[in-house]
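> after the sequence you'll find the predicted model.
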Amino acid sequence: MSVDAKIEFPVIEFCSSDLERGTDGWHRLCNKVREACETFGCFEMVYDTISTEVREEMFRLMKELVEVPVERKQKNVLPPPSYGWVGPGSHVSPLYEGFGLGDVSNYDSVKNFTQLMWPEGYPHFW
């Protein structure tokens with residue numbers, strides 16, 4: 001007996017002209033990202049109108065986050081469903097690493113996370 005189940009992940013477009021920090025469009029996008037992460041743990045990002053430079057910068061910043069020392073990452077502790085940092089060797093997968101943030105649509109929350117990961121300062125991330 002087989003089950004034909006199809007899981008469809010959310011698709012979020014990052015191409016609105018109304019994405020300046022603090023605008024209604026920015027808040028709507030932040031909420032979509034948060035809901036997708038809480039519900040599915042991931043989403044498909046569509047960003048055809050985002051420049052190559054911005055995409056490269058995003059991946060460079062993600063690489064820098066992964067390279068933060070484990071001792072600092074372990075300080076990112078949150079209650080479920082966020083869990084803070086989940087690192088390699090956890091119950092999920094030996095190769096999995098994830099970061100939970102309390103409220104990604106809140107500027108201060110992201111700034112606090114950044115200060116936790118880079119206590120010496122790293123304004124490029126937030």
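Alright, I've got the coordinates. Quantities reported herein were computed from a predicted structural model and do not represent experimental measurements. Residues are numbered from 1 along each chain as shown.
> what segments of the protein are helices?
Assignment of helices within the chain using DSSP state H yields the ranges 24-39, 52-66, 70-73, 107-117.
> and those helices as a markdown table, adding distance to residue 94, mean neighbour count and mean pLDDT?
Placement of C-beta: from N, CA and C, glycine included. A markdown table is the format used below for the helices of the chain (distance: least, Cβ to Cβ, whole Å; neighbours: other Cβ atoms under 10 Å; pLDDT from 0 to 100):
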| stretch | distance to residue 94 | mean neighbour count | mean pLDDT |
| --- | --- | --- | --- |
| helix 24-39 | 22 | 15 | 86 |
| helix 52-66 | 15 | 11 | 85 |
| helix 70-73 | 14 | 12 | 90 |
| helix 107-117 | 22 | 16 | 86 |
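> distance to residue 12 added to those helices, as JSON lines?
Formatted as JSON lines, the helices of the chain follow (distance: least, Cβ to Cβ, whole Å):
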{"stretch": "helix 24-39", "distance to residue 12": "5"}
{"stretch": "helix 52-66", "distance to residue 12": "14"}
{"stretch": "helix 70-73", "distance to residue 12": "26"}
{"stretch": "helix 107-117", "distance to residue 12": "17"}
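> contacting residues for residue 120?
Residue 120 makes contact with no residue, according to Cβ atoms under 8 Å, 6 or more residues apart in numbering.
> report the separation between it and residue 47.
Taking Cβ to Cβ, to the nearest Å as the measure, residue 120 falls 30 Å from residue 47.
> could you do residue 27 as well?
Plainly put, residue 27 is 19 Å away from residue 47 if you go by Cβ to Cβ.
> kindly report the same for residue 21.
In terms of Cβ to Cβ, residue 21 sits 17 Å off from residue 47.
> which one of these two has more residues nearby?
Neighbours were counted for residue 21 and for residue 47 using other Cβ atoms under 10 Å; residue 47 has more, 13 against 8.
> state the phi and psi torsions of that one.
Note on residue 47: its backbone torsions stand at phi -140, psi 40 [degrees, to the nearest 10].
> my read: it touches residue 19, true?
No: with contact defined as Cβ atoms under 8 Å, residue 47 does not reach residue 19; the gap is 10.9 Å.
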